[in-house]
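Asks: Quick check, what structure comes out for this input:
(one chain, ligands or ions: 2)
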Amino acid sequence: MLRLAPDLFVPPESAPAQATPAKIDVRGLNYFYDGRQVLFDVDLGLPPHKVTAFIGPSGCGKSALLRALNRLDERRPGTRVTGTITLDGEDIHRPDTDLRRLRRRVGMVFAQPRLFPGSVFDNVAYGLRTAGIDDLRTLTDRVETALRRADLWDDIRDRLADDARSLSPGAAQQLCIARALAVGPEVLLLDDPTGALDPIATARIEGLLADLRESLTIVVVTHAPQQAARVSQRIALFHDGRLVEVGDTRVVFTRPRERLTLDYLTGRYG
Ligand SMILES: Nc1ncnc2c1ncn2[C@@H]1O[C@H](COP(=O)(O)OP(=O)(O)OP(=O)(O)O)[C@@H](O)[C@H]1O
Ligand SMILES: [Mg+2]
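Replies: Ligands and ions are numbered 1, 2, ... in the order given. Model (predicted):
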């Protein structure tokens with residue numbers, strides 16, 4: 001048996017399977033960029049109210065999978081998908097899927113905070129305005145709620161008219177999270193959200209994820225196994241476009257099933 005940290009408590013192997021259905025379910029997913037396959041036959045369920053961490057070496061397909069989950073590469077020529085992804089049991093590739101609605105339900109945050117030119121307020125209100133909300137009272141309420149949920153309101157309530165690009169990198173990333181939250185997503189996908197941040201800003205975002213998962217389904221891509229250990233309840237390890245192992249974070253850290261997982265978690269490759 002592979003053992004990483006034998007002193008940690010490990011739940012019994014026979015723990016009951018999750019009763020709750022997956023919020024997002026991925027079955028037999030293959031993904032191609034320009035004819036080159038980058039994901040192979042991925043089967044993965046994302047349970048609600050949990051943080052699932054995607055880990056694995058650079059180029060293994062973590063971002064490709066994240067982008068597949070809200071059809072972000074849709075308009076990119078050369079992208080091809082086979083297999084199914086369901087959100088609450090509904091195929092997201094159905095011809096009548098409203099892409100804007102899908103992306104409101106499945107929000108995305110990137111490693112480099114992507115702020116739009118304009119004020120703090122405008123950045124958070126962006127998705128609401130795109131969705132046709134222009135009543136100032138409603139916008140103001142929603143912006144405040146989103147900033148509170150992103151743990152940024154107290155820091156920024158007096159700076160709503162400031163240029164968003166004047167914010168520190170940590171606050172900018174929280175602002176991106178607030179912008180995603182403003183449109184009321186059910187799923188939040190974060191691609192290495194602390195990759196560009198210092199340890200203090202990182203800790204703040206990690207704390208935020210713990211709060212947000214009560215109301216959301218969260219996926220976080222991280223290059224740091226220790227971050228995955230801190231923030232996630234489920235962990236999925238990828239290698240060369242394949243899902244190597246997925247399971248309860250504590251179990252994967254203490255008793256990984258696969259040699260590749262052990263090697264990755266102990267820093268022997270990646
Ligand atoms: N826009 C693109 N066009 C063509 N190939 C791409 C594109 N984006 C990614 N790839 C390729 O797809 C594969 C998976 O890349 P992906 O970005 O998903 O990896 P990753 O696990 O997110 O890596 P990292 O940890 O470096 O972010 C890689 O081989 C990469 O070169
Ligand atoms: Mg990536």
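Asks: CA only for contacts and neighbour counts going forward, please
Replies: OK.
Asks: For the protein, which residues score under the pLDDT cut-off?
Replies: 1-19, 269-270 (pLDDT under 70).
Asks: And the strands in it?
Replies: 24-33, 36-46, 51-55, 79-87, 90-91, 106-109, 187-191, 217-221, 234-239, 242-248 (DSSP state E).
Asks: Of those, which stretch is the most buried?
Replies: Most buried of these, by mean neighbour count (mean count of other CA atoms under 10 Å): strand 51-55, with a mean of 27.
Asks: what about residue 165, neighbour count?
Replies: 16 (other CA atoms under 10 Å).
Asks: is it true that it touches residue 117?
Replies: Yes. In this structure, residue 165 is within contact of residue 117 by CA atoms under 8 Å, at 7.3 Å.
Asks: Name the residues contacting each of the two.
Replies: Common neighbours of residue 165 and residue 117 (criterion: CA atoms under 8 Å, 6 or more residues apart in numbering): none identified.
Asks: The closest residue to residue 148 other than its chain neighbours and residue 160, how far apart?
Replies: Leaving aside its chain neighbours, residue 148 sits nearest to residue 154 (7.7 Å; criterion: CA to CA, 6 or more residues apart in numbering). Distance from residue 154 to residue 160, counting by CA to CA, to the nearest Å: 11 Å.
Asks: who has more neighbours, the two?
Replies: Neighbour count, other CA under 10 Å: between residue 154 and residue 160, residue 160 has more, with 17 against 9.
Asks: mind checking the backbone torsions on that one?
Replies: Torsion angles at residue 160 (phi, psi; degrees, to the nearest 10) stand at phi -60, psi -30.
Asks: pretty sure it is touching residue 123, no?
Replies: No. Using CA under 8 Å, residue 160 makes no contact with residue 123, being 9.7 Å away.
Asks: Mutual contacts of those two, please.
Replies: With CA under 8 Å, 6+ apart, residue 160 and residue 123 have no common neighbours.
Asks: Quick check: end-to-end length of stretch 109-128?
Replies: 17 Å.
Asks: For residue 180, which non-adjacent residue is closest in space?
Replies: residue 107 (5.4 Å).
Asks: what about the one you found, distance to residue 237?
Replies: 22 Å.
Asks: With residue 72 instead?
Replies: Relative to residue 237, and taking CA to CA, residue 72 is found at 22 Å.
Asks: Ok, residue 81 next?
Replies: 21 Å.
Asks: likewise residue 268?
Replies: Distance, residue 268 to residue 237, using CA to CA: 14 Å.
Asks: next one: residue 193
Replies: 18 Å.
Asks: next one: residue 152
Replies: The value you get for residue 152 to residue 237, if CA to CA is used, is 32 Å.
Asks: And residue 248, by the same measure?
Replies: 12 Å.
Asks: cool, residue 39 as well?
Replies: 13 Å.
Asks: Spell out which parts of the stretch 1-150 of the chain neighbour ligand 1.
Replies: With the criterion set to CA under 6 Å from any ligand atom, the stretch 1-150 of the chain comes near ligand 1 through 33, 38, 57-64.
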